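Undergrad: Take a look and give me a structure for this.
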Amino acid sequence: MSSITSNASSNSESLRLTAIQHSRLFLLSGIACFSVIPRALTLDSAEIRYGLVGLLTMTGIWGVLKTGFFIVPDPLREVTYTVGLVFGFGTVWAWLYFASAYTGRRLHKDTTLRRLGVGVFLFVVSIKLTNPIHGLYFTTTERTVPFRYLAIEHGVIHWASTALSYTLAAIGLFMVFELYVSSEYDTRPLIVFTGLLALPVTFDIVAVVTPGFINFIYAPVGVAAFATGAVYLFGDQFLSIAAATQTANETVIVDRNGRIQDFSAAAVSTFPELEGSVGEELDTVLPAVADARDGDERVIERDGADESAYYFVSSRPMTVGNSTVEVFAFTDVTEREQQRRRLIQRERELDQRNELYRAIMAASFSFVFRVDLENRFTFVSPSVEEFIGYAPEEIVGEPISMLAPDEERLAEAAEYFEAVASGESIQVSDLPVATRSDGTVYVDVRMVPIYDPSVERDVRTPDDIVAVQAMGRDVSQRRQREGLISVMNRVLRHNVRNELTVINGRAEMLAAEVDGDARSNVDTILQAADRLLDITESARQIEANRELSPELEAIDLVPIIEDSIAQLGERYPDTSVTTELPETAVAETLPQIEVAIWELLENAAEHTGPRPTVDITVTTGDERTAVVIADEGPGLPDDERQVLAEGKEEPLVHGRGLGLFLAYWIVTNLDGDIEVSETQSGTTVTIGLPTASEHS
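TA: From the prediction side, this is the model:
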C-alpha cells in the first residue's frame, strides 16, 4: 500500500515538474521570438520584414499565453488558453505571408486569396471564442490526480482546425524548400534547420500517446527555434537566398569583396556562365556587368541567335544579416535600345546628308533662304554676307522687301512666293536683288514649297505648306557677259546685213553691165554675200532660241511638218518632196522644234543633187516619236556630220554648218536626239523626241 502511494506521489511530482518545464519552455520561446524582432526590423525587403515580424509577434504572444496557462489562477486559464489558440491560428497566416514574400511569390498580394484567408481566420476564431457556449472546440476538466491541474479535451473541430493549420504550414514549407533547392548555395544546413518547424507536430503526437508529456500544442517552440536560427545563425545565407527573388527576374548578388553569392534561375538563362560560379569574382564571370557598374554606360549587349539582346544593369546595396551585399538586377531593354541605336545611326546619316547638302548648296548656289507665309525671312545661309553684304542675322525676321530694288520688282517677287505657297515649284532667271551698298546683283532662283513634316507625303495639300525655300545662284557676271554678246550680236548682224545689202545691190547692178570672166566674179561675190546673210539669220535664230523652257508641251508634229513643206515648196520649187505622215504625231517638245526641222529640210533641199528629192517619214512609238528626213545628195562632210552628231561648233566656217548647229542645239535641249546615217543614195537624218504620255 505504501509502495502504491509512494509511486503515485512520485508520478505526481514528476508531472508537476514537467508542467514547470513546459511553462519555462514556452516562456523562453516567447522571449526568443521577441528578441529577434529588432533584428528583423532591419531587413531591407519590406514584404519579408512584414511577414517575419508578424510571425515573430504572433508566435511570441502565443508562447507567453501558453506560459500563462500554467501559472494564472483557474478562472483565467480557459480564457488564456482560448486567446492563445487565436494567436496560434494567426501564426499560420503570418507564416504563409512570410513564405510567399521570402520566395518571391505574389500569393500574399493576391486580393482573392487574402479575402479567403481573412474569411477562414475569422470563421475559426469565432468558433474558438464561442467555445464556452457550444463546447465543440474543447472542454476542460479539473483533475486532482496525480496533481491538481486543468485538463484539456479537444473536440473534432479542434483537430480539423489543427489539420488545416498544419496543411497551410506545410504549403509554406514547400515554398521555402523549393527556393532552397533552386538556389546555388549549399542549403543543406538550412533545410535541416528549417525542418525544426516540423518538430512540434512530432511532439504533439507523442503527447497524445505518452503520459510523460502534457497534451499541448508545441508549435511556438519550433517557430522560435527557426526564427532565431534563421536570423542569427544563418542570417547572411538565409537572406541572400531571398534577395535574389526580391528585384528583377534576372538577379545576381555580390558580396562586399566582389564575389558572387547567389543568382536567380532567370539570370542563368540569360547568363549561362553563372552556372556554378558562387564564390567567384564578378569581374571574371561577367566582366561586362562589372564594367557597367563602374562606368557611365549601364546597358550591356549579349549576342543572341538571331540578333543582339540588351540589358539595363541596375544595382543597389542590401543589408543581409550583419553584412551588406550588392544586388544586380537586369532589365531587358532590347526593343528600346535597338530603337535608340537606330535613332543614333539615323542622326549620323542625317548629319552626313546635311554635310553633303551643305556642300552641294555651297557649290551650286550663292545662298539659300527660307521665307514664311507672311513673306518674312526665317533662315538665310551664311554665304549671303559675301554676296550682298548683309549678315544673316540682319535679314532673318525682315520682310522680303528688304532685298527688292524697287516696287515693281517687289510685286513680282511677291507673286512668285504666292505661287509657290500654292504648291508650285518655279524657276526665275535674272531676278534682281538689292545689296547693302545700294547696288543690284542678279540671281537665278529655284523656289520650292516646304510642307509640314508631320503630314504624309501622299496626302499633302497646299494647306500644309508652312514656308517657301529658295536657292539662288549669282548670275551677275553671266548677265553682263551675255549682255555684251547680245549687243555685239545685234550690232554685227545689223551692220553686216546692211553692208551685205549694199554689196548685193551693187553686185547685181554690176552683173547687168559685165560679162565673161567679170560676170563670173560678180556671181561669186553674190553667192558669198548670200552665205553671209544666211549666217546672220542663223545667228539671230540661235540667240532667239538660246534659252528654252524646261517645261515641255504636248505638240502635234504633223501640222508643223506640213507648214515647213509648204514653205520649202515656195523657196525651192524644183525640189520634189514625198511624205509618209500619220494623222497625228504628238511629242513632248516646244514650238521651237519647227526651226530645227526647217533647218534640216532646207539643208536637204539645197544640197540634194541635180534633181532635188527629199523624203519625210514620221513614226510614233510608246516612248519615242521619230522624224526621218532623207535626201539623195552627196552626203555631209565629216566636220558637218560632227555638228549634228556631237554639237561641235569649232569647225563651222560657213552658213550651212551654223544652221546644222542650230538644229542640234534645239533638238538636244528638248530632250531629243539626232542621228545621221550615210547611204549610197544620200543622207538620212533622224530626229527622236519623247512621245507625249497621254498619246503613248
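Undergrad: going forward, measure contacts and count neighbours with C-alpha atoms only.
TA: Fine.
Undergrad: so where do the helices sit in the stretch 51-200 of the chain?
TA: 74-102, 111-129, 131-134, 156-182, 188-194, 199-209 (DSSP state H, counting those that start in this stretch).
Undergrad: Among the ones you listed, which comes closest to I565?
TA: Comparison of those against I565 by Cα to Cα identifies helix 111-129 as nearest, at 99.3 Å.
Undergrad: Can you check what angle separates the closest one from helix 156-182?
TA: Using axes from the mean of the first three to the mean of the last three Cα atoms, to 10 degrees, the inter-axis angle of helix 111-129 relative to helix 156-182 is 140 degrees.
Undergrad: Tell me where the stretch 301-450 of the chain has strands.
TA: Applying DSSP state E, counting those that start in this stretch to the stretch 301-450 of the chain gives strands spanning 309-320, 323-332, 367-372, 377-380, 426-434, 440-451.
Undergrad: how about the CA coordinates for stretch 505-522, as CSV?
TA: Output of stretch 505-522 as CSV, limited to C-alpha atoms (Å, rounded to 0.1, in the frame of the first residue of the first chain):
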residue,chain,number,x,y,z
GLY,A,505,22.7,95.6,-154.7
ARG,A,506,26.0,96.9,-156.3
ALA,A,507,26.9,93.4,-157.4
GLU,A,508,23.6,92.9,-159.1
MET,A,509,23.9,96.3,-160.9
LEU,A,510,27.5,95.3,-161.9
ALA,A,511,26.3,91.9,-163.1
ALA,A,512,24.0,93.6,-165.6
GLU,A,513,26.8,95.5,-167.1
VAL,A,514,29.6,92.9,-167.5
ASP,A,515,30.0,89.5,-169.0
GLY,A,516,32.7,86.8,-169.4
ASP,A,517,35.1,86.4,-166.5
ALA,A,518,33.9,89.6,-164.9
ARG,A,519,30.4,88.2,-164.7
SER,A,520,31.7,85.1,-163.1
ASN,A,521,33.5,87.1,-160.5
VAL,A,522,30.3,89.1,-159.8
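Undergrad: list the buried ones in it?
TA: For stretch 505-522, a neighbour-count test (16 or more other Cα atoms under 10 Å) marks A507, E508, A511, R519, V522 as buried.
Undergrad: Quick one: mean pLDDT over that stretch.
TA: For stretch 505-522, the mean pLDDT works out to 79.
Undergrad: got it, and stretch 408-415?
TA: The model assigns stretch 408-415 a mean pLDDT of 89.
Undergrad: Measure how far it is from the centre of its chain, please.
TA: Using Cα atoms, centre = their mean, to the nearest Å, the mean C-alpha position of stretch 408-415 is found 44 Å from that of the whole chain.
Undergrad: do stretch 96-115 as well
TA: With Cα atoms, centre = their mean as the basis, the mean position of stretch 96-115 lies at 40 Å from the chain mean.
Undergrad: ditto for stretch 599-607
TA: 65 Å.
Undergrad: need the contact list for I37.
TA: By Cα atoms under 8 Å, 6 or more residues apart in numbering, I37 lies in contact with V53, L56, T57.
Undergrad: mind redoing it with 6 Å?
TA: Applying Cα atoms under 6 Å, 6 or more residues apart in numbering to I37 gives the contacts V53.
Undergrad: any idea how far it is from L168?
TA: Separation of I37 from L168 (Cα to Cα, to the nearest Å): 23 Å.
Undergrad: Please apply the same query to M58.
TA: 16 Å.
Undergrad: okay, those two: which has more neighbours?
TA: Neighbour totals were compared for M58 and L168, and M58 leads with 26 against 16 (other Cα atoms under 10 Å).
Undergrad: pretty sure the more buried one is touching T91, no?
TA: Yes. The pair M58 / T91 is scored as a contact, 5.3 Å apart, by Cα atoms under 6 Å.
Undergrad: most tightly surrounded among the helices of the stretch 51-200 of the chain?
TA: helix 74-102 (a mean of 21; mean count of other Cα atoms under 10 Å).
Undergrad: Which strands and helices lie in contact with that one?
TA: helix 46-71 (3 or more Cα pairs under 6 Å, 6 or more residues apart in numbering; DSSP states H and E).
Undergrad: per-residue confidence averaged over the helix it packs on?
TA: Rounded mean pLDDT across helix 46-71 is 80.
Undergrad: How about stretch 331-350?
TA: 80.
Undergrad: Run the chain-centre distance for that stretch.
TA: So, by Cα atoms, centre = their mean, the centroid of stretch 331-350 is 6 Å from its chain's centroid.
Undergrad: Kindly report the same for stretch 272-279.
TA: For stretch 272-279, the separation from the chain centroid amounts to 36 Å (computed by Cα atoms, centre = their mean).
Undergrad: what comes into contact with it?
TA: Contacts of stretch 272-279 (Cα under 6 Å, 6+ apart): R259, I260, Q261, V268.
Undergrad: Of those residues, which belong to helices?
TA: Mapping those onto helices (DSSP state H) picks out V268.
Undergrad: ok, and the most crowded of the contacts of stretch 272-279?
TA: Q261 (25 neighbours).
Undergrad: how close does that residue get to D296?
TA: 25 Å.
Undergrad: How about S264?
TA: 25 Å.
Undergrad: Run through the bridge partners of Q469.
TA: Note on Q469: beta-bridge partners by DSSP bridges are R370, V448.
Undergrad: So it sits against V368, correct?
TA: No. With contact defined as Cα under 6 Å, Q469 does not reach V368; the gap is 7.4 Å.
Undergrad: mind showing which ranges of the stretch 101-250 of the chain have poor pLDDT?
TA: Residue ranges of the stretch 101-250 of the chain with pLDDT under 70: 138-155, 180-223, 225-249.
Undergrad: Now for L76: which residues touch it?
TA: Neighbours of L76 in contact, by Cα under 6 Å, 6+ apart: none.
Undergrad: Quick check: pLDDT value at it.
TA: 76.
Undergrad: What of M1?
TA: At M1, pLDDT is 36.
Undergrad: And S12, by the same measure?
TA: 48.
Undergrad: any idea how far stretch 552-563 is from the chain center?
TA: 53 Å.
Undergrad: hang on, isn't F379 packed against V368?
TA: No. If you go by Cα under 6 Å, F379 and V368 don't touch, sitting 8.0 Å apart.
Undergrad: neighbour count winner among those two?
TA: V368 (22 against 17).
Undergrad: Please report the distance of that one from P392.
TA: From V368 to P392 the distance is 11 Å (Cα to Cα).
Undergrad: Identify the contacts common to those two.
TA: Joint contacts of V368 and P392 (Cα under 6 Å, 6+ apart) are V380.
Undergrad: Identify the residue nearest I31 in space, chain neighbours excluded?
TA: G60 (6.6 Å; Cα to Cα, 6 or more residues apart in numbering).
Undergrad: Quick check, that neighbour in contact with A32.
TA: No. G60 is beyond contact range of A32, at 7.6 Å (criterion: Cα under 6 Å).
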